[in-house]
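Chemist: sequence and predicted structure, then a few things I'm wondering about:
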Amino acid sequence: MGRRFFRGAHLGLWAFGICFFIWQQFFHLKCLEKTAIPSMPLLHASPKEIPVFPEESHLEKADMGDRIYSLKEPIALFPNLVRAFPRLDRDFPCFPAERNWDNLRVQQSPTHRGFLYVKARKAGSSTIAGVAIRIARAMAQQRNLSTPVCHVRFNHPMAHKLDYSKRDKKHSFLFSILREPTSRFVSEFFHFGLSRNFVQPTDDNIKAYMWETKPSINNYYLRWLSVNKPFNYKSDNRDISSFVESIINEYDFLGISERLDESLVALQMVLNLTTSDILYLSAKKRGGWDDGVYRQQCYYIPHSFISSTMKHYFQHSEEWYNFTVGDNLLYRAVNASLDRTIESLGLKEFNANLETYRRALKKADILCRQNVTFPCSSGGKVNVENDCLVWDSACGMDCLDRVAKHPSL
């Protein structure tokens with residue numbers, strides 16, 4: 001009897017392990033990306049009980065924006081890696097969207113035409129997805145399209161999985177926004193590790209997340225943005241510059257999240273749009289709550305921090321240098337390309353548009369934020385009925401339309 005019991009228990013655990021593996025591979029983070037979180041010590045706390053960590057001297061805010069310029073012997077930023085993204089010399093690629101265009105499966109399906117945003121994790125991606133949807137919506141209304149938006153993509157799959165290497169360049173527009181690689185990585189760990197899975201933010205756990213996350217995030221941007229094949233450091237480490245050059249030349253526009261206002265105004269001018277088309281209300285803020293889609297719960301968004309030893313690791317270790325060397329080169333190339341694009345668009349016109357845009361954003365935040373229902377309440381409860389078009393993106397569109405008509409803009 002005892003043997004049968006233990007044999008049954010063993011089989012039960014074995015079956016549970018298989019089911020858990022399948023769930024993890026196919027449904028984990030189903031509304032964003034299939035990121036398997038490493039097995040680490042967990043904080044036994046609910047989302048509302050995440051501890052507030054003291055601002056002690058050994059903790060550093062995770063703002064590593066200038067880190068790439070202090071690296072020893074970074075790869076040279078040759079002229080062939082920098083370009084000015086030109087104004088669109090053809091019609092905006094607006095075609096009828098799929099009937100269920102906002103369905104996750106549709107958004108993860110390959111396409112060869114339309115308005116295509118490659119969504120990089122933790123680079124202001126939900127905000128930019130909302131801008132992409134707003135632009136696609138405005139263009140559809142202008143052309144009296146039969147669908148509420150133009151054919152658009154704004155989800156997280158790798159560019160090569162959406163078959164963008166075969167896109168029709170005359171009838172598509174491909175773009176993305178990058179964040180400084182170290183800041184992006186730290187933010188990702190705190191979002192998926194701490195906030196959603198309560199993994200303690202120790203140095204060892206952060207390093208484990210680097211290597212155990214699937215799919216690999218080694219040189220993340222070169223893997224995610226490449227339209228031909230994902231970058232593999234072991235086999236492609238001698239071709240880093242060529243990967244970066246390919247991405248720079250393949251995309252119709254690339255911007256920087258730390259310069260989001262400038263990036264969106266440059267995008268506006270490249271696409272010949274109006275200020276109204278690029279307005280947004282961010283549904284996520286540090287110290288607030290996540291989108292309420294994952295597991296139908298709201299998760300607290302903590303402030304990121306790192307220890308002084310982890311900061312030293314990011315700044316000086318050969319391991320981290322190799323882990324982000326391609327991403328750092330691409331980030332520098334995009335940053336320089338944004339400068340060149342702004343110059344080519346005309347500084348006087350650009351600065352005037354930037355001033356108008358910032359004034360409109362401020363007015364939108366004042367007039368709309370308190371009157372728009374976001375997916376998560378200020379107390380962390382899910383608002384099933386909310387004012388966002390897709391998940392936590394494109395929030396408060398009607399209010400933004402009213403702001404755009406304000407006489408002072």
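Modeler: Alright, I've got the coordinates. Numbering: from 1, shown residues only.

Chemist: what about the chain, any weak spots by pLDDT?
Modeler: 1-73, 283, 286-287, 292, 407-409 (pLDDT under 70).

Chemist: residues in contact with the longest strand along it: which ones?
Modeler: Ranked by residue count and defined by DSSP state E, the top strand of the chain is strand 172-178. Residues external to strand 172-178 that are found in contact with it (CB atoms under 8 Å, 6 or more residues apart in numbering): 88, 92-93, 112-120, 123-125, 128, 159, 164, 167, 184, 221, 225, 227, 250-257, 260, 263, 267, 271, 330-331, 334. The way it works is simple: take the backbone N, C-alpha and C, and place the C-beta from them, glycine included.

Chemist: pairing partners for that strand, with directions?
Modeler: According to DSSP bridges, strand 172-178 has the following sheet partners: strand 114-117 (parallel), strand 253-256 (parallel).

Chemist: quick check: Q296 touching K381?
Modeler: No: between Q296 and K381 there is no contact, the gap being 11.2 Å when judged by CB atoms under 8 Å.

Chemist: which residue of these two possesses the greater neighbour count?
Modeler: K381 (12 against 8; other CB atoms under 10 Å).

Chemist: excluding its backbone neighbours, what's nearest the more buried one?
Modeler: Once flanking residues are discounted, K381 sits nearest to C298: 6.5 Å by CB to CB, 6 or more residues apart in numbering.

Chemist: R369 too?
Modeler: R369 sits nearest to L281 (CB to CB, 6+ apart), 6.3 Å away.

Chemist: name the SS class of the one you found, please.
Modeler: coil (DSSP: H, G, I helix; E, B strand; the rest coil).

Chemist: report how many residues lie close to it.
Modeler: 22.

Chemist: now swap in T202 and tell me
Modeler: 13.

Chemist: ok, now how distant is it from D291?
Modeler: Remark: distance between T202 and D291 (CB to CB, to the nearest Å) = 27 Å.

Chemist: strands of the stretch 51-200 of the chain, residue ranges please.
Modeler: 59-61, 114-117, 152-153, 172-178 (DSSP state E, counting those that start in this stretch).

Chemist: including distance to R340, could those strands go into JSON lines?
Modeler: As requested, the strands of the stretch 51-200 of the chain are arranged in JSON lines below (distance: least, CB to CB, whole Å):
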{"stretch": "strand 59-61", "distance to R340": "31"}
{"stretch": "strand 114-117", "distance to R340": "22"}
{"stretch": "strand 152-153", "distance to R340": "27"}
{"stretch": "strand 172-178", "distance to R340": "16"}
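
Chemist: among these, which is nearest S235?
Modeler: Evaluated with CB to CB, those place strand 172-178 nearest to S235, the distance being 23.4 Å.

Chemist: for the helix or strand in which D327 is found, what is the distance to the chain centroid?
Modeler: If you go by DSSP states H and E, D327 is part of helix 318-345. With CA atoms, centre = their mean, to the nearest Å as the basis, helix 318-345 stands 16 Å off its chain's centre.

Chemist: same question, stretch 397-409
Modeler: Distance, centroid of stretch 397-409 to centroid of chain: 26 Å (CA atoms, centre = their mean).

Chemist: give the buried residues for that stretch.
Modeler: If you call a residue buried by 16 or more other CB atoms under 10 Å, then stretch 397-409 has these buried ones: 397, 399-400, 403-404.

Chemist: okay, it in CSV with CA atoms only?
Modeler: Extracted C-alpha coordinates of stretch 397-409, given in CSV (Å, rounded to 0.1, in the frame of the first residue of the first chain):
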residue,chain,number,x,y,z
MET,A,397,-8.0,58.8,-27.3
ASP,A,398,-11.2,60.9,-27.2
CYS,A,399,-9.8,63.2,-24.6
LEU,A,400,-6.5,63.6,-26.5
ASP,A,401,-8.6,64.5,-29.6
ARG,A,402,-10.2,67.3,-27.6
VAL,A,403,-6.8,68.5,-26.4
ALA,A,404,-5.5,68.6,-29.9
LYS,A,405,-8.3,71.0,-30.9
HIS,A,406,-7.4,73.4,-28.1
PRO,A,407,-6.9,76.9,-29.5
SER,A,408,-3.5,77.4,-27.7
LEU,A,409,-1.9,74.6,-29.6
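
Chemist: what does that stretch rub up against?
Modeler: 134, 137, 274-276, 279-281, 356, 359-360, 363-364, 367-368, 371-372, 387, 389.

Chemist: to R179, which of the strands paired with strand 172-178 lies closest?
Modeler: strand 253-256 (7.5 Å).

Chemist: helix or strand right after the closest one?
Modeler: helix 260-270.

Chemist: taking strand 172-178 as reference, get the angle to that next one.
Modeler: With axes from the mean of the first three to the mean of the last three CA atoms, to 10 degrees applied, the angle from helix 260-270 to strand 172-178 works out at 170 degrees.

Chemist: can you pull the buried residues of helix 260-270?
Modeler: The neighbour-count criterion (16+ other CB under 10 Å) identifies 260, 262-270 as the buried residues of helix 260-270.

Chemist: by contact count, what packs against that helix?
Modeler: Under the contact definition 3 or more CB pairs under 8 Å, 6 or more residues apart in numbering; DSSP states H and E, helix 260-270 sits against helix 125-142, strand 172-178, strand 253-256, helix 318-345, helix 347-368.

Chemist: right, and the ones you listed - which one's nearest S242?
Modeler: Comparing the helices and strands packed on helix 260-270 by CB to CB, helix 318-345 comes nearest, at 10.4 Å.

Chemist: which strands and helices sit next to that closest one?
Modeler: Short answer (3+ CB pairs under 8 Å, 6+ apart): helix 318-345 packs on strand 172-178, helix 181-188, helix 220-225, helix 233-236, helix 240-250, strand 253-256, helix 260-270, helix 308-316.

Chemist: ok, and for that helix, which residues are buried?
Modeler: 320-321, 323-339, 341-342, 344-345.

Chemist: also stretch 80-90?
Modeler: Applying 16+ other CB under 10 Å to stretch 80-90 flags 81-85, 88 as buried.

Chemist: got it, and stretch 367-381?
Modeler: Neighbour-count burial for stretch 367-381 [16+ other CB under 10 Å]: 367-368, 372, 374-376, 380.

Chemist: out of those residues, who's nearest D236?
Modeler: In terms of CB to CB, no member of the buried residues of stretch 367-381 lies closer to D236 than P375, at 38.9 Å.
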